[in-house]
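Asks: Following is a predicted model, sequence given first.
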Amino acid sequence: MKYSSVIAAVFTCATGVAAFAHGGATGIVKERMDAMDAMGKAVKMITPMMRGETAYDAEVVRQAAATFSDHAGESMTTLFPEGSGGMPSEAKDAIWERWEEFSELAAQLGIYAEGLSGAAENGLMMA
């Protein structure tokens, strides 16, 4: 579960950066910013449910899982070709410096998304 928390935190932070930097983005940089934005919105939709602050909705959880799945694995890594860093993307150099780790996390996002979708009907254990 540690990786899912890390992945959620990374994408939540990236969403803030993407929203700020969208102004001058084009091409692949805009595509990845849009992907981060979509995942950030999905996180914002399910976070209050997972905290018990709003009613649990399995369909919303499945939709969020589908969003994560759509942007996981190779769909994610192809959005970060070598040389596409710098403004306006603000993508960290660590992505390319630690490419194997980044690729593994992108693949794990797909696995977690599948698990989230499969468990959507389970509801909240604490509720």
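Replies: Right, received. Where do you want to start?

Asks: buried stuff in the host helix or strand of M33?
Replies: Applying DSSP states H and E as the criterion places M33 in helix 27-50. Within helix 27-50, the residues that count as buried by 16 or more other CB atoms under 10 Å are 29-30, 32-33, 35-40, 42-43, 45-46, 49. For the C-beta atoms, the positions are set from N, CA and C on the backbone; glycine is no exception.

Asks: do stretch 53-72 as well
Replies: For stretch 53-72, burial by neighbour count (16+ other CB under 10 Å) applies to 56, 60-65, 67-72.

Asks: Closest to G83 out of the buried residues of helix 27-50?
Replies: V29 (10.9 Å; CB to CB).

Asks: so where's the protein uncertain?
Replies: For the chain, the stretches with pLDDT under 70 are 1-23, 124-127.

Asks: Just the helices from it, written as ranges.
Replies: All helices of the chain, identified by DSSP state H, fall at 2-21, 27-50, 58-70, 74-77, 94-97, 99-119.

Asks: I'd like these as a markdown table, with distance to G83 appended.
Replies: Output for the helices of the chain, formatted as a markdown table (distance: least, CB to CB, whole Å):
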| stretch | distance to G83 |
| --- | --- |
| helix 2-21 | 17 |
| helix 27-50 | 10 |
| helix 58-70 | 25 |
| helix 74-77 | 14 |
| helix 94-97 | 9 |
| helix 99-119 | 13 |
